[in-house]
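# Here is the input, now give the coordinates:
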Amino acid sequence: MAKKKQSQDKETSPYHHGDLRPALIAAARTLLQNQGTEALSLRSIASAIGVTHMAPYAHFKGKQELLQAVAASGYDELADNMVVAQKENQKARGRSLAYHYGVEYIRFAMKHPNLYRLMLNQIDLDKKSTQEAANKEIRMSSERPFRLLYVAFAGERVSKELAHAKALGAWAIVHGIASLAIDGHLVLPEGMDVYQLFKVTVGSSVDLS
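Below you'll find the model as predicted:
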């Protein structure tokens, strides 16, 4: 009877094995956006895409691995958006390029506030996670946006240490603005939006022409 039930599940599931993981991540992101982190569980995303509640366990050992995969997808999307900005502003170099990256960073956080919060909460700075494969995925994905910032400042022909410090400073600025904005803690002057605030903040040190 159990074998018959499994056979029926395989026949009725619209997902092949290779398609299921991205579908689960997409469903998780939709739930996250609409209902917050509390709504995320392997059972809830399985229900959302119409597969058995055991199906997600073929890809995630538990909720933590799911959260890390969702966060990794966010970092990858952010990095991809930054690459697009680079292609759209091919003459931008150094701090000017970092500015365009910063705009994309803030735009991403404003569009996906719950995902953005989750992304930051999934970084294991102490590298203490015992889930090596999942931890490697989130670590590699999370490093992509910062690496782009670093390369932009390295293009100013400064030392590696200074380029790294400038990238950290730029990240701190956009993270601060983005976090304050999505949590409703920014009271902006009349007629100014968050992007104009960012431009004013860095305008004295960046050639935006």
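# Could you use CA atoms for every contact and neighbour count after this?
Fine.
# ok, residue 71 - how many residues close by?
Neighbour count of residue 71, defined by other Cα atoms under 10 Å: 27.
# where does it land in three-state SS?
helix (DSSP: H, G, I helix; E, B strand; the rest coil).
# Excluding sequence neighbours, find me the nearest residue to it.
Using Cα to Cα, 6 or more residues apart in numbering and skipping residues adjacent in sequence, the residue nearest residue 71 is residue 119, 4.5 Å away.
# confidence score at the one you found?
pLDDT recorded at residue 119 is 95.
# Residue 197 now?
Taking residue 197 on its own, its pLDDT is 94.
# Report how many residues lie close to it.
14.
# Grab the nearest non-local neighbour of it.
Nearest non-adjacent residue to residue 197, counting by Cα to Cα, 6+ apart: residue 188, 7.9 Å away.
# Tell me how many other residues surround residue 63.
15.
# what's the pLDDT at it?
Residue 63 is assigned a predicted lDDT (pLDDT) of 90.
# which residues touch it?
40-42 (Cα atoms under 8 Å, 6 or more residues apart in numbering).
# if you set the cut-off to 7 Å instead, what comes out?
When contacts are counted by Cα atoms under 7 Å, 6 or more residues apart in numbering, residue 63 touches 41-42.
# Next, give phi and psi for residue 158.
The phi/psi pair for residue 158 (degrees, to the nearest 10) reads phi -110, psi 170.
# so how many other residues sit close to it?
Residue 158 - counted by other Cα under 10 Å - has 11 other residues nearby.
# Residue 118 now?
By other Cα under 10 Å, the residues close to residue 118 number 20.
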